[in-house]
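Trainee: Got a sequence here, can you model it:
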Amino acid sequence: MKRARKGTYGYIRYEKIKRGLVTAIMFAVPLTLYFIAVNHFGSNRNIFTIVAVLGLIPAAKFAVDWIMILMQKSAPERIVSQTEEKAARLTRGYELVVTAYEGRMPLDCVVVCGNDAACFSSHGVKDKFAFMEKHIAGILNANGYYSVNVKIFNEERMFLERIGQFAEKTQMFRENAPSGDEKDQEEREEMILYIIKRISL
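Mentor: Residues are numbered from 1 along each chain as shown. Model (predicted):
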């Protein structure tokens, strides 16, 4: 199983397998201990029962993480390949599930250029787009990346048009961002994407 990092295509599929295996191991260890102890002592009234029960607490946490990722869908391969084609020289990420207290939003693709972040969500609830745009912009603002224009699309054509504009007029979009040379702008875009990754599953 090839490792997929957060923000890359294939991450959700990889995490489903990885978290499933970790959850199975986390449950197997205390349960194995419990049954061995019961078999040895002939009763569950022993210290190993307490140890096994306590061992199930972290196992339950891993199970919740696994269930959370099982509920997510991988990004459509078509939109990923089109994004790679149009935004090959731009900062981009894939399969990010942004979380907030009020819910979560799956983002198939995120492309950052200058002070703009264009996101595509094929599975997100459109009614929550405005809230999530504000939420992401607020987190970026709190981390020193002010007034970033975050836009979530659910129509492929509009998203691809937007990132096509980024690709064609990269310099113009970067000039609208806070001052700095082009290298600084690229680093800034990477940091914006990094922060979005940090608030994702």
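Trainee: what's around M71, how many residues?
Mentor: Number of residues near M71 (other Cβ atoms under 10 Å) recorded here: 12. For every residue, glycine as well, the C-beta is placed using N, CA and C.
Trainee: Please tell me how far it sits from I12.
Mentor: Distance, M71 to I12, using Cβ to Cβ, to the nearest Å: 10 Å.
Trainee: same thing with G144?
Mentor: Taken as Cβ to Cβ, the span from G144 to I12 is 29 Å.
Trainee: what comes up buried for stretch 4-13?
Mentor: Residues of stretch 4-13 classed as buried: A4, K6, G7, Y9, G10, Y11, I12, R13 (neighbour count, 16 or more other Cβ atoms under 10 Å).
Trainee: do the same with stretch 29-40
Mentor: Buried residues in stretch 29-40, counted by 16+ other Cβ under 10 Å: P30, Y34, A37, V38.
Trainee: Show me what the helix or strand hosting the first one is packed up against.
Mentor: So that's P30. If you go by DSSP states H and E, P30 is part of helix 11-41. Identification of packing neighbours for helix 11-41 by 3 or more Cβ pairs under 8 Å, 6 or more residues apart in numbering; DSSP states H and E yields helix 47-70, strand 91-100.
Trainee: what do you get if the cut-off is 6 Å, keeping everything else the same?
Mentor: On a contact count with 3 or more Cβ pairs under 6 Å, 6 or more residues apart in numbering; DSSP states H and E, helix 11-41 meets helix 47-70.
Trainee: Am I right that I152 is in a helix?
Mentor: No - counting by DSSP: H, G, I helix; E, B strand; the rest coil, I152 is not part of a helix but strand.
Trainee: which ones are touching it?
Mentor: C119, S121, F129, E133 (Cβ atoms under 6 Å, 6 or more residues apart in numbering).
Trainee: and the two most separated of those residues?
Mentor: Taking Cβ to Cβ as the measure, those span a maximum distance of 10.8 Å, between S121 and E133.
Trainee: more neighbours, these two?
Mentor: Taking other Cβ under 10 Å, S121 and E133 do not tie; S121 has more neighbours (24 against 18).
Trainee: Where does the prediction get shaky in this protein?
Mentor: Applying pLDDT under 70 to the chain flags residues 1, 179-183.
Trainee: And for it, the residue most distant from the center?
Mentor: The outermost residue of the chain relative to its centre, with distances by Cα atoms, centre = their mean, is G42 at 47.3 Å.
Trainee: how much space between D108 and K128?
Mentor: Applying Cβ to Cβ, the value for D108 to K128 is 15 Å.
Trainee: Looking at these two, which one has more neighbours?
Mentor: For D108 versus K128, neighbours defined as other Cβ under 10 Å are more numerous around D108 (26 against 17).
Trainee: Okay, and that one sits in which element?
Mentor: In this assignment (DSSP H and E), D108 forms part of strand 103-113.
Trainee: who touches that strand?
Mentor: Here strand 103-113 makes contact (Cβ under 6 Å, 6+ apart) with 72, 75, 79, 83, 87, 90-94, 96-98, 118-124, 132, 163, 166, 173, 189, 192-193.
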